[in-house]
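J.: from the sequence below, what's the structure:
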Amino acid sequence: MSHFDKLRAFRHQAYTLIGNGIDALFDLMDAVLVSRSVYSFAELSLSPVFRRQWSSLYESLQDSNPPRQQLMDVYLEQMPQDEQIVLAGDHETVNYFV
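T.: Numbers count the residues shown, from 1 in each chain. A predicted model of the protein is given here:
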């Protein structure tokens, strides 16, 4: 199965779970993913991938009640199980007072 087919299957699984406001929510998710930076919620409605009117942003979020645990299960299925995940961070203390 190609990466594109996996992505298509994942999106279909998530799409079937969301419920009310599904098309606007998917457009909203796509807008968040392709936007470099978002300064306001209404700005997402200006994204080329958001194909609805700006008011449907608010309506879809108000009307939706996605099953969080089922969606989390779908997301977790996408993570590779045969590899160990390593999370790394860098923390540096800077003293500006002399």
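J.: only C-alpha atoms from now on, for both contacts and neighbour counts.
T.: Will do.
J.: which elements pack onto the longest helix along the chain?
T.: Across the chain, the helix with the greatest residue count (assigned by DSSP state H) is helix 3-18. Packing contacts for helix 3-18, counted by 3 or more CA pairs under 8 Å, 6 or more residues apart in numbering; DSSP states H and E, involve helix 68-77.
J.: do that again at 7 Å, thanks
T.: For helix 3-18, not one helix or strand is in contact under the criterion 3 or more CA pairs under 7 Å, 6 or more residues apart in numbering; DSSP states H and E.
J.: what are the buried residues along the following helix or strand past it?
T.: Following helix 3-18 in sequence order, the next helix or strand is helix 22-34 (DSSP states H and E). Across helix 22-34, burial judged by 16 or more other CA atoms under 10 Å covers 22-28, 30-32.
J.: now render those residues as TSV, adding pLDDT and distance to Ser64.
T.: What follows is the buried residues of helix 22-34, written out as TSV (pLDDT from 0 to 100; distance: CA to CA, whole Å):
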residue	pLDDT	distance to Ser64
Ile22	83	8
Asp23	85	11
Ala24	85	10
Leu25	86	9
Phe26	85	12
Asp27	86	14
Leu28	86	13
Asp30	88	17
Ala31	88	18
Val32	87	18
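J.: the longest helix of the chain: which residues count as buried?
T.: For helix 3-18, by 16+ other CA under 10 Å, it's 14, 17-18.
J.: residues making contact with it?
T.: Helix 3-18 has contacts (CA atoms under 7 Å, 6 or more residues apart in numbering) with 22, 66-67, 71.
J.: tell me the angle that helix makes with helix 68-77.
T.: Interaxial angle, helix 3-18 versus helix 68-77 (axes from the mean of the first three to the mean of the last three CA atoms, to 10 degrees): 170 degrees.
J.: so what pLDDT did Met72 get?
T.: The per-residue pLDDT reported for Met72 equals 90.
J.: ok, how many other residues are close to it?
T.: Using other CA atoms under 10 Å, Met72 has 11 neighbouring residues.
J.: how close does Asp73 sit to Gly19?
T.: According to CA to CA, to the nearest Å, Asp73 stands 16 Å off from Gly19.
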